[in-house]
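**Q** I would like the atomic coordinates for the input below:
(chains A, B, C and D)
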Number of protein chains: 2
Amino acid sequence: MCIAGGFVANLKELAEMLGLSQTTISRALNGYPEVSEDTRQRVIAAADQHNYRPNSSARRLATGKARTIGHVVPISHHDMINPHFSDFIAGAGAVYSQRGYDMLITVVEAARQADTYRSLHRDRRVDGVILHGPVVNDPRPDLLDELGLPYVVHGRTLRDETSYHWVDVNNFRSFRRATRHLLELGHRRIALINGWENMMFARRRREGFEAALAEAGLTADPSIMVADEMIDPTAYAAMKRFLDSPSPPTAVMCSSVLSALGALRAIREHRLEPGREVSVICHDDRLSFLDASGDGLGLTTMRSGIREAGSHCANMLIDLIEGRQTVPHILLEAELVAGRTTGPPPS
Amino acid sequence: MCIAGGFVANLKELAEMLGLSQTTISRALNGYPEVSEDTRQRVIAAADQHNYRPNSSARRLATGKARTIGHVVPISHHDMINPHFSDFIAGAGAVYSQRGYDMLITVVEAARQADTYRSLHRDRRVDGVILHGPVVNDPRPDLLDELGLPYVVHGRTLRDETSYHWVDVNNFRSFRRATRHLLELGHRRIALINGWENMMFARRRREGFEAALAEAGLTADPSIMVADEMIDPTAYAAMKRFLDSPSPPTAVMCSSVLSALGALRAIREHRLEPGREVSVICHDDRLSFLDASGDGLGLTTMRSGIREAGSHCANMLIDLIEGRQTVPHILLEAELVAGRTTGPPPS
DNA sequence: CATCGAGCCCAAAGCGCTTTGGCTTTGGCG
DNA sequence: CGCCAAAGCCAAAGCGCTTTGGGCTCGATG
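**A** Next comes the predicted model:
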């Protein structure tokens, strides 16, 4: 109605303006019951007419809560930042905005991670953190427990699963299922282009892969398996090597779309046709800039949106921080999406 | 030396422990000259022995500075998050860590951006912001000027360039240069697969492209030009259309590596060989997960690291906030990297 | 010898909010 | 009518830091 008047910088001014105490204003604005509905409305109206918003530092100091979630993003070996990161962030960020939290991101060399967590906690800059990319014997959960900083792991570590909160994809089942699919199509020699196997997700994928092979009475052949950075060039090189070997695979499982792209490149370069002469199947995180499955790149994939994983993590962590009842573990199932890159092996 | 003793929660305790006043402790820790070097050392030693770190909210409240930089990340039309984002963040984030700033990221629907800036400023949550993805008539610089919130634009708008701080790539010159290169190789019919041309960078690229053509007495043909989301599927579709047309191009310029990948896909599908029958050249932001130039994908590119752009923006903004002397504009030149996707047109 | 200016250090006043404890007023109830 | 609980409001005490405006000591200076 009324055009925004001058700005009001703080509670005191607003209180004086309305002839009320700061206490009352604060309570009205924060929804406490000790103030009449009448007064509350008057206060709220005045507040947004004069464009008043509580100073966040002051509020934090008084409450001891930062209303901020931390994400510590390690820069890996090759100075690389995980491309899955931005989509995860998009999912989590939407939840934060909606639930009134801020997102604090710290980019740090992998080696200095522990210090960063310590510092985030000591300075009280965050109420909790999301733990990315857990490795096999990850020291971070123990560290965070020791600090008493709430956290949710995106993925799982080897520690007792019931002892912390996590959101994960069922990587074991996903890769077992996809491998079974290839076996049913008749493939007997299947390659694996995996991520670094100190990462839990990669290890679980390999286990799923091997389990399916074992069921069929086969054993995995290390000479057509590789664990490396999940990007095009490494996958390209690996696939090329596999195809040049004495007994090349008729199918390959890739841990990411980027790997699959590299593998496809190698396959085509060998004048082989994906889906007919060599089958390719990969895990698809549904990165928003890579429409991998179905109509997009036409890849056959195991699909599970990393964005949803992000929002699940965010919601779980906030529930945890606010002391609400919450499901402590979420296991997401990947969906097998048929594309044009799989088929029976050539006879 | 000494094992970290119990934790000390605040200045007061530390002061009592050392028999000094809070004032002195604060000054010692913050490097003010009014305290003797002796005392300072004693204080510093005690502080880190007892694991003391000032509470950041309290410090912020007292100083009025947030020591935090905001990044507002819009989710675009198709619910997509810009894949360049994570590398930009990596560059900026490293600078923030080093200079003692926090990075606050807000993911928000494009339409609600203005409100987000207002709110970040009103709540005093940030000391400044980085403005991403400027469009042709971008309202944000005016908004931020009005709010009095310091900012640095990654890119430029149409507004008088001297009136704000920015870091940009010389997109005009880059695309003119690349186009000239193709012309020198003998190409006469060159396609353009660009980003949305309401984005300044895309518009400048088209202008550079057209300028080079004009110099050669040619005019751009709209039927082999497209402006769209810079991802594989759109580029694939466009290139396919171009190749199916009555007079297909012998070369194509792409605004991103992802577009180039789509274009290459279409070219190969047409049983044409990139570099021999159709030349491809693209802008390469050096995304860490896409090794596009040279030995990687072998693309001929105009290369300019977006990560460096990120660190330049961060440094410039912090200088601005802290009132230091600073260069207000940085224009980065892209480097032409020869790959295997360019060559003379087939005769 | 009195004075003065460094050199060090301190007490106390904010910063802007939340929250505790208490004070009126009102209305219902025995 | 007197009492009491509930409703509605307030003053003031933090939260943990920075910063202002002294105060004291001591050696140098006129």
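**Q** enumerate the residues of the stretch 51-200 of chain A near DNA strand C.
**A** Applying the criterion Cβ under 7 Å from any atom of the strand, the portion of the stretch 51-200 of chain A that neighbours DNA strand C consists of A:52, A:54, A:55, A:58, A:59, A:61, A:62, A:63. In short, each C-beta sits where N, CA and C put it, glycine included.
**Q** and if we set it to 10 Å?
**A** A:52-65 (Cβ under 10 Å from any atom of the strand).
**Q** restricted to buried residues, select the residues you listed in ChimeraX.
**A** Buried residues within these, by 16 or more other Cβ atoms under 10 Å in any protein chain shown, are selected in ChimeraX with:
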select /A:52,53,54,55,56,57,58,59,60,61
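**Q** which residue does the stretch 201-347 of chain A bring closest to DNA strand C?
**A** Ranking the residues of the stretch 201-347 of chain A by distance to DNA strand C (Cβ to the nearest atom of the strand) places residue A:322 first, at 12.8 Å.
**Q** ok, that residue - how many residues close by?
**A** Neighbours of residue A:322 under the rule other Cβ atoms under 10 Å in any protein chain shown: 13.
**Q** next, count neighbours for the residue of the stretch 201-347 of chain A found nearest DNA strand D.
**A** Proximity to DNA strand D, evaluated over the stretch 201-347 of chain A using Cβ to the nearest atom of the strand, is greatest for residue A:321 at 18.4 Å. Counted with other Cβ under 10 Å, the neighbours of residue A:321 add up to 21.
**Q** what's around the nearest residue to residue A:132 once chain neighbours are set aside, how many residues?
**A** Once its chain neighbours are removed from consideration, residue A:132 has its nearest residue in residue A:154; the separation is 5.5 Å (Cβ to Cβ, 6 or more residues apart in numbering or on different chains). Residue A:154 sits with 23 neighbouring residues when counted by other Cβ under 10 Å.
**Q** for residue A:154, grab phi and psi.
**A** Note on residue A:154: its backbone torsions stand at phi -90, psi 90 [degrees, to the nearest 10].
**Q** same question for residue A:291.
**A** Here the main-chain torsion angles of residue A:291 (degrees, to the nearest 10) amount to phi -80, psi 90.
**Q** that one against residue B:234, yeah?
**A** No - counting by Cβ atoms under 8 Å, residue A:291 sits too far from residue B:234 to count as a contact (9.7 Å).
**Q** and the stretch 51-200 of chain A, which residues reach chain B?
**A** By Cβ under 8 Å from any Cβ of the partner chain, the part of the stretch 51-200 of chain A that sits against chain B consists of A:51, A:53-58, A:60-61, A:66, A:73, A:75, A:78-83, A:85-87, A:89-90, A:93-94, A:96-97, A:102-108, A:119, A:122-125.
**Q** circling back to that earlier point, wait, what's in contact with the residue nearest to residue A:132?
**A** Listed by Cβ atoms under 8 Å, 6 or more residues apart in numbering or on different chains, the contact partners of residue A:154 are A:88, A:130, A:131, A:132, A:133, A:134, A:166, A:167, A:168, A:309, A:310, A:313.
**Q** turn the residues you listed into TSV, including pLDDT and neighbour count.
**A** Shown next, in TSV, are the contacts of residue A:154 (pLDDT from 0 to 100; neighbours: other Cβ atoms under 10 Å in any protein chain shown):
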residue	pLDDT	neighbour count
A:88	94	28
A:130	96	23
A:131	95	26
A:132	93	19
A:133	91	21
A:134	93	22
A:166	97	24
A:167	98	26
A:168	97	22
A:309	97	24
A:310	97	28
A:313	98	29
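**Q** what helix or strand is the nearest residue to residue A:277 once chain neighbours are set aside on?
**A** Computed as Cβ to Cβ, 6+ apart, the closest residue to residue A:277 that is not its neighbour in sequence is residue A:346, at 5.3 Å. When elements are assigned from DSSP states H and E, residue A:346 belongs to no helix and no strand.
**Q** look up how far residue A:272 lies from residue A:346.
**A** 9 Å (Cβ to Cβ, to the nearest Å).
**Q** the two - which one has more neighbours?
**A** When neighbours are counted by other Cβ under 10 Å, residue A:346 and residue A:272 differ, and residue A:272 comes out ahead with 17 against 11.
**Q** regarding the more buried one, what is its secondary structure?
**A** For residue A:272, the reduced secondary structure class is coil; criterion used: DSSP: H, G, I helix; E, B strand; the rest coil.
**Q** could you list every residue that touches it?
**A** A:243, A:278.
**Q** show me where pLDDT drops low in chain A?
**A** For chain A, applying pLDDT under 70 flags the ranges A:1-6, A:76-80.
**Q** residues in contact with the helix or strand that residue A:180 is a member of?
**A** Using DSSP H and E, residue A:180 maps to helix A:171-185. Under the criterion Cβ under 8 Å, 6+ apart, residues A:190, A:201, A:204-209, A:211-213, A:215-216, A:218, A:251, A:253, A:279, A:281, A:283, A:302, A:304, A:333-334, A:336, A:342-345 lie in contact with helix A:171-185.
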